[in-house]
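Visitor: Kindly return the folded structure for what I paste below:
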Amino acid sequence: MNAKELCCPKNGGNMKYIIGQDKQKKEFRIKTNTVSLLLVVFFLFIGLVPYTYSQDSPIQVQINPTEVGIGDSFDVIVSVQGTNVGEPVISSEDGVTINPQSFYSGMSTQMQIGFGQSRIVTTKERHYRGYAQQEGEWKIFVRADIDGKQYVSPEVKIKVSKTPSSQQIVPPSPSIPQRQPGTSQGRRRQSGSQGTRADQALFDQALIVESELSKRIAFQGEVLTLIFRAKILESPDISIQTTTGNFPDLPALDNFYMGKVQQNTRREDQSGKVYRVIELSVPICPKSVGTLTVSPWEWNNCYIRYYNNWGWPETYSINKSSGVLNLEVRALPDAPNNYFGAVGRYTLTSNLSQTEVNVGTPIYLAMTIRGSGNPDFVRAPSKPTLDWAYVSDAEIISGNTDTWDNVEKTIRFSITPLKPGDYEIPAIEYNYFNPQIGQYNTLRTNSFRVKVTGKASEVDNVITVGGIPRMETRSVDLSSSDLLPLITEGIQLKPQRFYYRGSVIAIFVLSPLISMISIGLGLRKEYLRKNPIYLRKISAYTNAIEKFNELKTGSGIPAAVEQSLKQYIGDATGTLNVFGLTSDDVENIMKNQGIGNELIYKTVRLIKTCERIRYCGYSVSVEENRGLEEGFNLLMEELKKMLG
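Guide: Modelled structure (predicted):
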């Protein structure tokens with residue numbers, strides 16, 4: 001009905017609406033339409049917002065750290081999300097143990113709206129403390145009832161190694177907002193309250209640092225055990241953290257020799273509290289006499305992390321250190337003869353490689369020393385003096401020096417008989433100082449009887465490699481397959497070829513070509529200056545001949561042949577260090593260069609011949625020297641063709 005109809009009586013109806021009622025109905029319709037329009041706009045806007053409900057698993061599990069050592073602790077952080085969330089239940093395989101009681105509990109709620117729907121989502125976060133017990137890789141699972149259904153978390157693993165981790169000192173902090181030192185979040189206790197005093201007492205007992213010496217009075221050179229110990233409180237309420245995440249550095253031990261540091265981890269009950277004890281055991285040996293000091297092991301700028309009444313993390317700074325240790329070091333009493341510096345407790349065994357031998361054949365006297373002490377002080381004794389044999393200086397052929405409580409060294413002498421007969425190798429005395437009783441003890445090798453065979457008429461001949469005396473000869477046989485004798489009739493060894501003199505060819509060079517050659521020589525000189533290995537290679541032959549000529553008058557032909565050959569092969573092949581090369585090293589170098597076996601055999605055999613002459617200490621005749629020199633020159637020519 002419009003205004004025209006209301007004013008016109010032709011419709012046949014009486015006007016029954018008063019102006020006040022019509023006005024109220026009109027206002028009601030306007031309000032209703034406005035509300036409807038606002039609702040339509042609201043839901044249209046909400047419909048454009050993406051759906052925010054997480055499509056991921058409702059249970060998420062994190063492990064921190066993911067790799068630990070046996071005895072270390074770790075944290076398992078569990079987050080469960082849903083409308084109706086039950087309490088999570090954590091389980092693991094047998095290699096790790098997890099405390100089912102969480103040391104942190106948190107919960108939050110939020111409303112999620114999407115596609116015209118809304119729901120309240122609850123998130124529960126739980127932190128559990130776990131401990132590694134067996135080496136391996138172990139699985140951890142979490143189960144929870146969410147919205148009327150039971151869910152299992154995705155598979156997570158933790159790796160446990162055999163050695164305790166030095167970096168895993170404390171478990172990580174919860175994955176919630178962190179509090180920086182000096183600021184606080186949530187409600188805090190009032191200063192001086194009973195809770196504050198209880199926390200302070202707990203913090204003071206959270207970390208204990210100690211150090212100790214196995215002895216406070218010792219002899220110079222005696223091995224002691226220095227222990228640094230850190231006791232860290234195992235508590236679900238607190239954790240300890242260093243600024244670097246690692247152990248603090250040990251104090252400087254400049255006045256001591258140090259052995260290999262060993263780490264041990266265990267758990268210990270003290271005053272009703274459980275501590276994780278980390279011990280670093282250091283074998284030390286005083287260098288000098290007098291009062292020596294071991295400085296404290298300092299744990300500075302460490303932080304204790306804990307949670308306040310609202311579940312927010314807070315930190316508390318602490319500084320701990322061990323005490324100062326003093327050691328009184330006494331000098332050793334006057335040493336007897338045959339004392340070579342060993343301090344500790346030792347035993348000795350000995351053996352001889354052969355008791356019947358030919359003249360010139362070396363035999364080996366070995367003595368093995370075992371015990372506890374500083375291995376650097378276990379030195380070789382003086383070589384025995386034998387008028388019937390040449391004895392080389394001692395050499396250490398094996399030994400265990402990694403741990404000072406299980407030292408083993410084998411010392412060997414090479415003995416080359418020079419004349420036949422029945423002889424005795426007397427016992428060798430070896431004295432060491434025993435700090436347990438404050439006295440020197442004497443060890444002895446066995447004495448050995450040796451029978452040396454050979455004819456008296458052959459005694460004055462040069463002793464050859466392998467030890468069989470031979471008739472006096474003039475040159476060296478480099479092609480025989482038998483090592484004995486090395487020096488044989490050498491007329492056949494002289495080069496079976498004619499010597500040709502090179503023809504002189506005149507070269508006419510024009511002036512421009514001379515300039516080009518000069519420039520080329522300058523460039524070559526600069527290249528050689530920058531490439532010393534190449535310079536050594538192209539000069540190897542010349543340097544070897546010069547060295548031979550230099551040594552043959554002073555050190556003798558055998559030494560000159562041996563050293564010149566080694567230098568030439570080292571320089572020609574670019575070996576960085578030619579000093580100390582053995583015949584075996586030369587053989588390996590030549591094999592790597594692809595040199596034929598026959599030439600390798602000749603070279604190694606000649607070097608071994610010279611080495612054996614040097615070992616036996618016997619002088620060779622003029623004819624034999626001449627044979628060695630001719631053999632050296634012939635061999636150098638062959639090597640030059642192969643190596644340049």
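
Visitor: Please parse this structure into its domains.
Guide: 3-48, 59-161, 197-330, 339-458, 527-643 (automatic domain parsing).

Visitor: can you pull out the helices in the stretch 101-250 of the chain?
Guide: With helices called from DSSP state H, counting those that start in this stretch, the stretch 101-250 of the chain shows them at 194-204.

Visitor: three-state assignment of I30?
Guide: Following DSSP: H, G, I helix; E, B strand; the rest coil, the label given to I30 is helix.

Visitor: ok, for I304, nearest residue in space, not its chain neighbours?
Guide: Y316 (4.4 Å; Cβ to Cβ, 6 or more residues apart in numbering). Just so you know, the C-beta spots here come from the backbone N, C-alpha and C atoms, and that holds for glycine as well.

Visitor: Check Q62 too.
Guide: Nearest in space to Q62, with sequence neighbours left out and distances taken as Cβ to Cβ, 6+ apart, is I77 at 4.4 Å.

Visitor: Quick check: the one you found touching V61?
Guide: Yes: in terms of Cβ atoms under 8 Å, I77 counts as a neighbour of V61; the distance is 7.2 Å.

Visitor: Tabulate the domains of the chain (JSON lines), appending mean neighbour count and mean pLDDT.
Guide: JSON lines is the format used below for the domains of the chain (neighbours: other Cβ atoms under 10 Å; pLDDT from 0 to 100):
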{"stretch": "domain 3-48", "mean neighbour count": "9", "mean pLDDT": "56"}
{"stretch": "domain 59-161", "mean neighbour count": "16", "mean pLDDT": "83"}
{"stretch": "domain 197-330", "mean neighbour count": "16", "mean pLDDT": "87"}
{"stretch": "domain 339-458", "mean neighbour count": "17", "mean pLDDT": "90"}
{"stretch": "domain 527-643", "mean neighbour count": "17", "mean pLDDT": "79"}
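
Visitor: The helix or strand hosting the residue nearest to I304 - which strands sit beside it in the sheet, and in what orientation?
Guide: Using DSSP states H and E, Y316 sits in strand 313-321. Sheet pairing of strand 313-321 (DSSP bridges) gives strand 298-307 (antiparallel).

Visitor: So which residues make contact with the strand it pairs with?
Guide: Contacts to strand 298-307, defined as Cβ atoms under 8 Å, 6 or more residues apart in numbering, come from residues 104, 170, 173-174, 181, 199, 203, 206-207, 209, 230, 237-243, 248, 251, 313-321.

Visitor: same thing with stretch 636-644?
Guide: By Cβ under 8 Å, 6+ apart, the residues outside stretch 636-644 that reach it are 537-538, 540-541, 544-545, 565, 568-569, 572-573, 593, 595-596, 599, 602-603.

Visitor: try 10 Å this time
Guide: 478, 495, 537-538, 540-541, 544-545, 548, 561, 564-565, 568-569, 571-573, 590, 593-596, 598-599, 602-603 (Cβ atoms under 10 Å, 6 or more residues apart in numbering).

Visitor: so of these, which ones are in helices?
Guide: Among the contacts of stretch 636-644, DSSP state H puts 537-538, 540-541, 544-545, 548, 561, 564-565, 568-569, 571-573, 590, 598-599, 602-603 in helices.

Visitor: Touching, F103 and E125? I think so.
Guide: No: look at F103 against E125 with Cβ atoms under 10 Å: they stay out of range, at 12.0 Å.

Visitor: Secondary structure of C610: a helix, I assume?
Guide: Yes: under three-state DSSP, C610 falls within a helix.

Visitor: which residue packs closest to it, ignoring adjacent ones?
Guide: The shortest distance from C610 to any non-neighbouring residue, by Cβ to Cβ, 6+ apart, is to E562 (3.7 Å).

Visitor: Contacts only, for the one you found.
Guide: If you count contacts by Cβ under 10 Å, 6+ apart, then E562 has 551, 555-556, 581, 583, 606-611, 613-614, 628, 632 around it.

Visitor: Quick check: of these, which lies closest to Y131?
Guide: Y131 lies nearest to L581 out of the contacts of E562, by Cβ to Cβ, at 56.1 Å.

Visitor: Using PDB, write out every CA atom in the one helix or strand Q62 maps to.
Guide: If you go by DSSP H and E, Q62 is part of strand 59-64. Extracted in PDB, the C-alpha atoms of strand 59-64 (Å, rounded to 0.1, in the frame of the first residue of the first chain):
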ATOM      1  CA  ILE A  59      51.600 -34.800  16.500                       C
ATOM      2  CA  GLN A  60      55.100 -33.300  15.900                       C
ATOM      3  CA  VAL A  61      58.200 -34.600  17.600                       C
ATOM      4  CA  GLN A  62      61.700 -33.000  17.700                       C
ATOM      5  CA  ILE A  63      64.900 -34.400  19.300                       C
ATOM      6  CA  ASN A  64      67.700 -32.100  20.400                       C
END
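
Visitor: Name every strand pairing with that strand and say which way it goes.
Guide: Each strand paired with strand 59-64, and its direction, by DSSP bridges: strand 73-82 (antiparallel).
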